[in-house]
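Asks: the following block contains a protein sequence and its predicted model.
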Protein chains: 2
Amino acid sequence: MKTTPYHHGALKEALIAAAEAILRRDGLNALTLRAAAREAGVSHAAPSHHFGDLTGLLTELAASGFQRFGDQLRTARAAADSKRWDGARAYMAFAQENPALFQLMFRSDRLDGSNPIFREARVKALSVLADVHQAPVMQPSLEQLGAMLSGWSLIHGYTLLLLDGRLTPVLGIAPEGTTPENLLEAVLSAADKRRIAPPDGA
Amino acid sequence: MKTTPYHHGALKEALIAAAEAILRRDGLNALTLRAAAREAGVSHAAPSHHFGDLTGLLTELAASGFQRFGDQLRTARAAADSKRWDGARAYMAFAQENPALFQLMFRSDRLDGSNPIFREARVKALSVLADVHQAPVMQPSLEQLGAMLSGWSLIHGYTLLLLDGRLTPVLGIAPEGTTPENLLEAVLSAADKRRIAPPDGA
DNA sequence: GCCTATATCTTTACGCTGTAAAGATACATT
DNA sequence: AATGTATCTTTACAGCGTAAAGATATAGGC
């Protein structure tokens, strides 16, 4: 009767899964090393052997988030037979399905920006956004960078305002039954007229 | 020789100032009730009498941030003799001058959203953004809301990406000497073509 | 002027946290 | 089979939020 074998076998993955469950259920404030250890059924000091400190755990969790985020963005891009790429919708959808995780992924003060796994997952995910409209250029002009960033800034800002509850009053005064997706569509169409025009102006 | 009088006199304000100093100097992780008390030179339990708990302190600090934020946005609007209102620049400028505070102001999981002082300061500040292009309407259309939110989402997203360091690599490949302001200007001009067109499209 | 009520601040205490160090156990390699 | 290494537990300590009780200054009634 070995209810709890001494060696877990895949404790690192189990701890990351436990951490995500806590993050989703109780929020970032409740996500502690000891809570993750309890959730995984190991002693409170076990996580340190796999992640070093709390920042290490959060960073690996964020890395796994960026991996899935990138996958979903790529899937959305592949399925884009509509005239407008709806990566924006995929961006918001991931954030809505994983609100606390998404916010953690962009909180550099709680993450270890030097972690190579995290860095790779992040650039891989975010590069999906960058190479939508143009191949990577060595010496892009300010205009090109501005066009590239305006889309990202727009969807990122909308998403974070939504997660932070800042759009709740707006949705309240919007026409009956307006969803965040509807509102995003309106935001995009308001900002999207320029996409039709050639890159260097009307 | 009463070096430390028992009654401080204006401890609440002193604690908020101390909290802001810590936030600026050491970041949000280091901003604790006890650290604020140390910085203000009082016992570690003194803050609880003025703020209740840590959330209370953070909320009042965020409220004071929103007050100054609103002031600066109003000032920028008043000085807008240029053709394009440069509230976006003021938005980013405040965030750059108070990066940790700005991020705290939009972290609803650390704040008490029911605090009336906080609520009032926030709506007062953010309403400056709303009534730029139109008077408040009772039953706005989705298109009107989309146009209103697209500007806010854009500048908010750009600002947070900048604060989070996500634009650093972009600035690295940008033309020599490009500043965040330059890049913001490019982002705005890329997204601003629509302002000229009538609200319901080309 | 004095006396009491109240507000403000300190002291003490407790459980939780991160983290380090040392001990125990399973695995892996020879 | 023996030994080294990786993995996990136990123990320990300081810092944290927070509650409760004690100390001190202010304020108001007389």
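Replies: Cool, got the structure. Note that this is a predicted model, so its numbers are computed, not measured. Residues are numbered from 1 along each chain as shown, chains lettered A, B, ... in the order given.
Asks: how about the residues of chain A that lie near DNA strand D?
Replies: Selection of chain A residues close to DNA strand D by C-beta under 7 Å from any atom of the strand yields A:4, A:6-9, A:11-12, A:37, A:42-46, A:49-50. Where you see a C-beta, it was placed from the backbone N, CA and C, and this is true even at glycine.
Asks: same thing but at 6 Å, please
Replies: A:6-8, A:11, A:42-46, A:49 (C-beta under 6 Å from any atom of the strand).
Asks: of these, the lowest pLDDT goes to which?
Replies: Lowest pLDDT within the residues of chain A next to DNA strand D is found at A:Tyr6 (61).
Asks: follow-up on the earlier one: quick one: which two of the residues of chain A next to DNA strand D are the most distant?
Replies: A:His7 and A:His44 (17.4 Å; C-beta to C-beta).
Asks: between these two, which has more neighbouring residues?
Replies: A:His44 (13 against 6; other C-beta atoms under 10 Å in any protein chain shown).
Asks: and the more buried one, backbone torsions?
Replies: The phi/psi pair for A:His44 (degrees, to the nearest 10) reads phi -70, psi -20.
Asks: do I have it right that it meets A:Ala35?
Replies: No: if you go by C-beta atoms under 8 Å, A:His44 and A:Ala35 don't touch, sitting 9.1 Å apart.
Asks: now the spatially most central residue of chain A. Nearest residue, chain neighbours left out?
Replies: Centroid check for chain A by C-alpha atoms, centre = their mean gives A:Phe102 as the closest residue, at 3.9 Å. Nearest non-adjacent residue to A:Phe102, counting by C-beta to C-beta, 6 or more residues apart in numbering or on different chains: A:Ala95, 4.2 Å away.
Asks: tell me how far stretch A:111-131 lies from the chain's centre.
Replies: A distance of 11 Å separates the centroid of the chain from that of stretch A:111-131, by C-alpha atoms, centre = their mean, to the nearest Å.
Asks: can you name the residues in contact with it?
Replies: Residues outside stretch A:111-131 that contact it (C-beta atoms under 8 Å, 6 or more residues apart in numbering or on different chains) are A:55-56, A:58-60, A:62-64, A:66-67, A:69-70, A:73-74, A:77, A:87, A:91, A:104-105, A:136, A:148, A:151-152, B:165-166.
Asks: in that stretch, what counts as buried?
Replies: A:111-112, A:115, A:118, A:121-122, A:124-126, A:128-130 (16 or more other C-beta atoms under 10 Å in any protein chain shown).
Asks: likewise for stretch A:64-71?
Replies: In stretch A:64-71, counting by 16+ other C-beta under 10 Å, buried: A:64-67, A:69-70.
Asks: out of the residues you listed, the closest to DNA strand D would be?
Replies: Using C-beta to the nearest atom of the strand, A:Ser64 is the member of the buried residues of stretch A:64-71 that lies nearest DNA strand D, at 17.7 Å.
Asks: quick one, domains of chain A?
Replies: A:1-52, A:53-195 (automatic domain parsing).
Asks: list only buried entries from the contacts of stretch A:111-131.
Replies: A:56, A:58-60, A:62-64, A:66-67, A:69-70, A:73, A:77, A:87, A:91, A:104-105, A:148, A:151-152, B:166.
Asks: ok, and which of those reach DNA strand C?
Replies: Contacts with DNA strand C within these, counted by C-beta under 6 Å from any atom of the strand: none were found.
Asks: next step: the residues you listed restricted to helices.
Replies: A:56, A:58-60, A:62-64, A:66-67, A:69-70, A:73, A:77, A:87, A:91, A:104-105, A:148, A:151-152 (DSSP state H).
Asks: list the buried residues in stretch A:171-179.
Replies: So stretch A:171-179, judged by 16+ other C-beta under 10 Å, has buried residues A:171, A:174, A:178.
Asks: give me the secondary structure label for the last one.
Replies: The assignment at A:Thr178 comes out as coil when based on DSSP: H, G, I helix; E, B strand; the rest coil.
Asks: ok, it - contacts?
Replies: Taking C-beta under 8 Å, 6+ apart, we find A:Thr178 in contact with A:171, B:142.
Asks: distance check, it against A:Met92.
Replies: Distance from A:Thr178 to A:Met92, counting by C-beta to C-beta, to the nearest Å: 14 Å.
Asks: please enumerate the helices of chain A.
Replies: Using DSSP H, helices in chain A cover A:11-26, A:33-40, A:48-51, A:54-78, A:87-97, A:99-105, A:116-130, A:142-163, A:168-173, A:180-191.
Asks: now render those helices as a markdown table, adding distance to B:Ala191.
Replies: Shown next, in a markdown table, are the helices of chain A (distance: least, C-beta to C-beta, whole Å):
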| stretch | distance to B:Ala191 |
| --- | --- |
| helix A:11-26 | 33 |
| helix A:33-40 | 41 |
| helix A:48-51 | 40 |
| helix A:54-78 | 21 |
| helix A:87-97 | 13 |
| helix A:99-105 | 23 |
| helix A:116-130 | 15 |
| helix A:142-163 | 4 |
| helix A:168-173 | 19 |
| helix A:180-191 | 5 |
